[in-house]
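K.L.:
Dropping a prediction and its sequence here:
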Amino acid sequence: MKYKLTLSKVKELKDKLENGIYSDNKDIQKWNSIKAKEKREIDIKTIRILKDKKSQLLVEIYLLLQEANLKSSPEDTKPNAYYIKQLSEFKREKEMLMSLNTTDGLVKDKSRTIKHEAFIKSSEVTENLRYLESKIQKIEQKLNLFNNTQTITIDIDSDLEYLLK
């Protein structure tokens, strides 16, 4: 059946599919080989059929999301994919700065004093983190608006419609 969904809903569906496939794989691995007289608690054949449907839908969703993200908002000239990558780069820089050792000056270490020289000082890190956080928030707002207003039509097998709830 065809459904018209916002990109936000499609992303939720993508996450459910990924988690479902992971869970299905775990169940198949757990129950594939059992002692001859034991009863298998799951129907592996049915799970594999559903897992294949989930995998196919997941591939279709990735393609639809990629196509949608190559579009731009009406007030923008850059595609959404640009902002997704930019957000990723800002977050990577933020993570690096947050883990940066900014020790500078004399530091007493047990019985001796060691002089440290930080190229990027703590105050510069703090300033850069504020700037990055501001940029991250703006891009996240832009992406959320895009994801909540853009829709795509997707065909979902009746066996998988429960994932929409």
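P.N.:
That came in fine, so what should we check first?

K.L.:
For this structure, which segments are assigned as helices?
P.N.:
7-31, 44-69, 80-98, 122-149 (DSSP state H).

K.L.:
can you put those in TSV and add mean pLDDT?
P.N.:
Output for the helices of the chain, formatted as TSV (pLDDT from 0 to 100):
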stretch	mean pLDDT
helix 7-31	97
helix 44-69	97
helix 80-98	97
helix 122-149	97
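
K.L.:
Would you reformat those as JSON lines and include distance to Lys37 and mean neighbour count?
P.N.:
C-beta coordinates here come from the backbone N, C-alpha and C atoms, glycine included. Formatted as JSON lines, the helices of the chain follow (distance: least, C-beta to C-beta, whole Å; neighbours: other C-beta atoms under 10 Å):
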{"stretch": "helix 7-31", "distance to Lys37": "15", "mean neighbour count": "15"}
{"stretch": "helix 44-69", "distance to Lys37": "18", "mean neighbour count": "15"}
{"stretch": "helix 80-98", "distance to Lys37": "53", "mean neighbour count": "15"}
{"stretch": "helix 122-149", "distance to Lys37": "52", "mean neighbour count": "14"}
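
K.L.:
Mind checking these for the one nearest to Lys110?
P.N.:
helix 122-149 (23.4 Å; C-beta to C-beta).

K.L.:
tell me the angle of the closest one relative to helix 80-98?
P.N.:
Per axes from the mean of the first three to the mean of the last three C-alpha atoms, to 10 degrees, the angle that helix 122-149 makes with helix 80-98 is 150 degrees.

K.L.:
Show me how far helix 122-149 is from its chain's centre.
P.N.:
Mean-position distance between helix 122-149 and its chain equals 17 Å (C-alpha atoms, centre = their mean, to the nearest Å).

K.L.:
From the contact counts, what lies against that helix?
P.N.:
The helices and strands touching helix 122-149, judged by 3 or more C-beta pairs under 8 Å, 6 or more residues apart in numbering; DSSP states H and E, are strand 2-6, helix 7-31, helix 80-98.

K.L.:
Redo those as JSON lines? Include distance to Ser122.
P.N.:
Shown next, in JSON lines, are these (distance: least, C-beta to C-beta, whole Å):
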{"stretch": "strand 2-6", "distance to Ser122": "42"}
{"stretch": "helix 7-31", "distance to Ser122": "37"}
{"stretch": "helix 80-98", "distance to Ser122": "10"}
